[in-house]
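> Sequence and predicted structure, then a few things I'm wondering about:
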Protein chains: 2
Amino acid sequence: MQTLEVQILAVLAARELDSFITRREPSIEVELGGIPGDRHYGLLRPADSRQKFYPRNTMIANRRQLSLVSAEELRATALGLDIEDILPEWLGANVLLSGCPELTQLPQGARLLFPDGTGLICEGENLPCTGPGEVIAEALGREELSTRFVKAAKKKRGIVCSVEREGRISEGDAVRFLIP
Amino acid sequence: MQTLEVQILAVLAARELDSFITRREPSIEVELGGIPGDRHYGLLRPADSRQKFYPRNTMIANRRQLSLVSAEELRATALGLDIEDILPEWLGANVLLSGCPELTQLPQGARLLFPDGTGLICEGENLPCTGPGEVIAEALGREELSTRFVKAAKKKRGIVCSVEREGRISEGDAVRFLIP
């Protein structure tokens, strides 16, 4: 078991039903189903193209409750797109970490532990889809970025997590990674 | 993604509160919290020595809902203990598979899919503990087996799973493994 300590630069939630874009909050509460009031909250979610082995929209356990990204990987993706920066809001991320240049490589089953005892389970790499590319293109007024995002973000899109122990995650927290 | 097809020889549940020993049933229902009425059912469970990174008895997500063993690994363990056979009942197993000599190596995140669409997620290796050794020793009237079980079952104790899609698991079913 390897441990690593990283820092939380921002926590965010998507509280509007018509958009996946997240907004910063000083801290977020997490329950067994994710962030209450967030777009991705729920013990169950409909299966989509990521779980082709179930019929589309079958209700399955929600293991994509939170999306985590790292500042280092966002910078690397921005570099690949020739833009200054990528905001975590544009990707619908819930937690922005710093000190974790290889976040996307974190294995499924790794634990993320927070100061108040809150715990998340890494459910693996977040595969890039086209939605964030469109947001970036619109935000910067550069339409050509829309289709380039998926390739530029490959293996740098961060991870999805589910909640193992309920609690609170706050800006400025240190996070301990337990890597099996 | 690799696939493998194996067979269910028996399904079992532990419906008595004072024992982890399981009994055979023709089929079992599985819900998001596991097998309703089974000893290990629940969305939450208290943390134990396997999750030393949480204070003991803290309520955490239950990812140890079902225990699965393979006939091939049980035979290999029995051989190591110089006994004829090990029954899945003695280990508190919920599913006995055949055609899967390396079940315990199945990676966390592998999917197990059943004929009616039910789906389980492999949560990794089940680390052997002393309880089953005591049951085996008592069943066979050979006290010395009690302490030898943990070593003999190492890397052959099967896996624990959680439910991804609710449904029913029956004796005689074929199971499809999706290995990432």
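It's in.

> from what I can see residue A:147 touches residue A:136, true?
No: contact criterion Cβ atoms under 8 Å: residue A:147 and residue A:136 do not qualify, at 10.9 Å. Every residue, glycine included, has its C-beta placed from N, CA and C.

> More neighbours: which of the two?
Each of residue A:147 and residue A:136 has its neighbours counted (other Cβ atoms under 10 Å in any protein chain shown); residue A:136 has more, 24 against 12.

> can you pull the contacts of the more buried one?
Contacts for residue A:136 (Cβ atoms under 8 Å, 6 or more residues apart in numbering or on different chains) come out as A:81, A:83, A:86, A:90, A:145, A:146, A:149.

> Recalculate using a threshold of 6 Å.
By Cβ atoms under 6 Å, 6 or more residues apart in numbering or on different chains, the contact set of residue A:136 is A:90, A:145.

> Assumed it was part of a helix.
Yes: Residue A:136: assigned to a helix according to DSSP: H, G, I helix; E, B strand; the rest coil.

> Residues of chain A that sit close to chain B?
A:53, A:60, A:61, A:108, A:109, A:164, A:165, A:178 (Cβ under 6 Å from any Cβ of the partner chain).

> Among these, which are located in strands?
Among the residues of chain A next to chain B, the subset assigned to strands under DSSP state E consists of A:60, A:61, A:164, A:165, A:178.

> Next, count neighbours for residue A:7.
15.

> Would you mind measuring from it to residue B:123?
For residue A:7, the distance to residue B:123 equals 29 Å [Cβ to Cβ, to the nearest Å].

> for residue A:167, same thing?
Applying Cβ to Cβ, the value for residue A:167 to residue B:123 is 21 Å.

> Need the residue closest to the centroid of chain A.
residue A:67 (1.8 Å; Cα atoms, centre = their mean).

> Identify the residue spatially nearest to that residue, adjacent ones excluded.
Using Cβ to Cβ, 6 or more residues apart in numbering or on different chains and skipping residues adjacent in sequence, the residue nearest residue A:67 is residue A:93, 4.9 Å away.

> where does the one you found sit relative to chain B, distance-wise?
Separation of residue A:93 from chain B (Cβ to the nearest Cβ, to the nearest Å): 22 Å.

> three-state assignment of that residue?
Under three-state DSSP, residue A:93 comes out as coil.

> what's the lengthiest strand in chain A packed up against?
Assignment by DSSP E gives strand A:2-13 as the longest strand of chain A. Contacts defined by 3 or more Cβ pairs under 6 Å, 6 or more residues apart in numbering or on different chains; DSSP states H and E place strand A:2-13 against strand A:23-25, strand A:95-98, strand A:174-179.

> let's see it at 8 Å
strand A:23-25, strand A:27-30, strand A:95-98, strand A:167-170, strand A:174-179 (3 or more Cβ pairs under 8 Å, 6 or more residues apart in numbering or on different chains; DSSP states H and E).

> that older thread, closest one to residue A:98 out of the residues of chain A next to chain B, please.
If you rank those by distance to residue A:98 using Cβ to Cβ, residue A:178 comes first, at 18.9 Å.

> follow-up on the earlier one: in a markdown table: the helices and strands packed on strand A:2-13, plus mean pLDDT and distance to residue B:160.
Shown next, in a markdown table, are those (pLDDT from 0 to 100; distance: least, Cβ to Cβ, whole Å):
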| stretch | mean pLDDT | distance to residue B:160 |
| --- | --- | --- |
| strand A:23-25 | 98 | 35 |
| strand A:27-30 | 98 | 23 |
| strand A:95-98 | 98 | 28 |
| strand A:167-170 | 98 | 24 |
| strand A:174-179 | 95 | 18 |
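
> Next, the residue of chain A positioned farthest from its centre: phi, psi?
The C-alpha centroid of chain A is most remote from residue A:55, which lies 24.9 Å away (Cα atoms, centre = their mean). Recorded main-chain torsions at residue A:55 are phi -60, psi 140, according to degrees, to the nearest 10.

> Per-residue pLDDT of it, please?
For residue A:55, the model assigns a pLDDT of 95.

> same question, residue A:129
Reported pLDDT for residue A:129: 82.

> Tell me if I am right that it is in a strand.
No: using three-state DSSP, the secondary structure at residue A:129 is coil, not a strand.

> Surely it touches residue A:154?
No: contact status for residue A:129 versus residue A:154: not in contact, 11.4 Å apart, counting by Cβ under 8 Å.

> and for stretch A:77-89, what are the contacting residues?
A:10, A:12, A:21-24, A:69, A:74-75, A:96, A:136, A:139-140, A:142, A:145, A:148-149, A:152-153, A:156-157.

> quick one: secondary structure of residue A:73?
Going by three-state DSSP: residue A:73 is helix.

> List the contacts of it.
So residue A:73 contacts A:100, A:101, A:102, A:103, A:104, A:156, A:157, A:158 (Cβ under 8 Å, 6+ apart).

> from what I can see the first one touches residue A:8, true?
Right, the one you point to is residue A:100. No: counting by Cβ under 8 Å, residue A:100 does not reach residue A:8; the two are 10.4 Å apart.

> I'd guess residue A:133 is in a helix, am I close?
Yes: assessed by three-state DSSP, residue A:133 belongs to a helix.

> Skipping adjacent residues, who's closest to it in space?
In space, and not counting its chain neighbours, residue A:133 is closest to residue A:149: 3.0 Å by Cβ to Cβ, 6+ apart.
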